[in-house]
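**Q** coordinates for the following, if possible.
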Amino acid sequence: MDAARLKQSWALVAGHGDQVPLYFYSTLFLTHPQTRQMFGTDMAGQRDGLVSALGHIVSHVDQVDRLVGFLQRLGADHRKFAVRAEHYPAVGEALLATVRHFSGAAWTDELAADWAGAYGVVAQVMTDAARAAEAHSPPWWVAEILAHERRTFDVAVLTVRPQYLLPFVAGQSIGVSHPAVRAWRYYSPANAPRPDGTVELHVRAAPGGAVSSRLVYGCAAGDQVHLAAPVGDALTLRPAGSSDVLLLAGGTGWAPVKALVEQVAAEGSGRRVDLYVGARSRTEFYDSEAIDKAAAAHPWLRVSYVAESDPLRPGEMVRVVDRALSDGDWGSRHVYVCGSDEMVSQSVAALTGAGYQPGQVHHEGFGEHWYGSTWRAVTNPDQSGVTR
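**A** Numbers count the residues shown, from 1 in each chain. Next up is the predicted model:
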């Protein structure tokens, strides 16, 4: 298998943009119509997920250790979509047909062998990982909604209790789905693990978002939801005592940050924590009671609210990161950033420009997760992991 040739081939194919996933799924559904039921009605996010996942796999095809870990997590995660070993050959046939179609005259027997070999490795690693995961965790957990609170028109706070303990650490994300919606959305719990196993979710309804809209507008206490295994470690805290912490949260990006505050409190490490919580306006600080309670209870926690717009100063915008940078020098601290894609990207750029090192600034990807599915991603408006 020639890694350079595969990368060059994918660059040529990916240049055709949206035509690639459209051709792939059309081929898959026409040749193997039984696979159609595995997907939701809105395929926009699914098409984005395919291109992102393929791009990631091909770009790391010569980095075996890194790629194997990605594929193992992907294979285990795909159990919640009822993906089984017998589905992989169908996907492989559609993939090779798609690459051949868009390669045109550049398609050769050698290139066909490269792609077949690469896909064979991908399928084997993913199926092995799925089989291994069956030994220690279910495809998903059934959870009961214990409380459902509408905090604003489009934000709800849910407390759910899984039937069996769902293991996670503060800063990770878990998949959430409603039985009536064939899609998954990833949310970071707004709490560190609790003795009673309950999980707090902060959900903003995204326009057209099937999962988020159902969770905000179509759920009540007593209903059931499905939870998938926790993923990711980009927002998890470094070992206790390693440094003080600066936390920047925007909107419902406050949820995982709240979990980090709880973890610091539980570990009793003596860290100092400065927290900046941003919202578009003063009326959108939907969890201020909990924030104020935490600040009053913990002398090591200092809280600053940042309203991005002020009705008394129309047209003037204040960003969370700018307020934090103007308030002090945080150069010795680890910085955790969570919010919308725009908020995170702007904050990371500002911190980088101010001299902060990449290993010092922690955030998840801008609207993209490693667990985006090759075959089935979350529908587009709900796709990003911490874009609230």
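**Q** what are the ranges of the strands in the stretch 1-150 of the chain?
**A** For the stretch 1-150 of the chain, applying DSSP state E, counting those that start in this stretch gives strands covering 141-150.
**Q** what does the stretch 151-300 of the chain give?
**A** Using DSSP E, counting those that start in this stretch, strands in the stretch 151-300 of the chain cover 155-162, 174-177, 185-187, 199-204, 224-227, 245-250, 273-279.
**Q** in JSON lines, list those strands along with mean pLDDT, distance to Y286 and mean neighbour count.
**A** To be clear about C-beta, it is placed using only N, CA and C from the backbone, and glycine gets the same treatment. Formatted as JSON lines, these follow (pLDDT from 0 to 100; distance: least, C-beta to C-beta, whole Å; neighbours: other C-beta atoms under 10 Å):
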{"stretch": "strand 155-162", "mean pLDDT": "97", "distance to Y286": "5", "mean neighbour count": "21"}
{"stretch": "strand 174-177", "mean pLDDT": "92", "distance to Y286": "18", "mean neighbour count": "24"}
{"stretch": "strand 185-187", "mean pLDDT": "91", "distance to Y286": "15", "mean neighbour count": "26"}
{"stretch": "strand 199-204", "mean pLDDT": "98", "distance to Y286": "8", "mean neighbour count": "24"}
{"stretch": "strand 224-227", "mean pLDDT": "94", "distance to Y286": "20", "mean neighbour count": "20"}
{"stretch": "strand 245-250", "mean pLDDT": "96", "distance to Y286": "12", "mean neighbour count": "28"}
{"stretch": "strand 273-279", "mean pLDDT": "96", "distance to Y286": "8", "mean neighbour count": "24"}
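**Q** right, so of those, which gets closest to V83?
**A** strand 174-177 (13.9 Å; C-beta to C-beta).
**Q** and that closest one, which strands flank it?
**A** strand 185-187 (antiparallel), strand 224-227 (antiparallel) (DSSP bridges).
**Q** nearest to L54, of those strands?
**A** strand 185-187 (20.1 Å).
**Q** S304 in helix, strand or coil?
**A** strand (DSSP: H, G, I helix; E, B strand; the rest coil).
**Q** wouldn't it be in contact with D322 here?
**A** No - with contact defined as C-beta atoms under 8 Å, S304 does not reach D322; the gap is 12.0 Å.
**Q** now G92, nearest residue through space, not along the chain?
**A** Among residues not flanking G92 along the chain, Y119 sits closest, at 4.8 Å (C-beta to C-beta, 6 or more residues apart in numbering).
**Q** quick one on the thing from earlier: turn the strands of the stretch 151-300 of the chain into JSON lines, including distance to H60.
**A** JSON lines is the format used below for the strands of the stretch 151-300 of the chain (distance: least, C-beta to C-beta, whole Å):
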{"stretch": "strand 155-162", "distance to H60": "33"}
{"stretch": "strand 174-177", "distance to H60": "23"}
{"stretch": "strand 185-187", "distance to H60": "22"}
{"stretch": "strand 199-204", "distance to H60": "32"}
{"stretch": "strand 224-227", "distance to H60": "29"}
{"stretch": "strand 245-250", "distance to H60": "30"}
{"stretch": "strand 273-279", "distance to H60": "34"}
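**Q** out of the ones you listed, the one nearest H16 is which?
**A** Here strand 185-187 is closest among these (C-beta to C-beta), at 28.8 Å.
**Q** can you list the low-confidence ranges for this structure?
**A** 39-51, 240-242, 310-316, 365-388 (pLDDT under 70).
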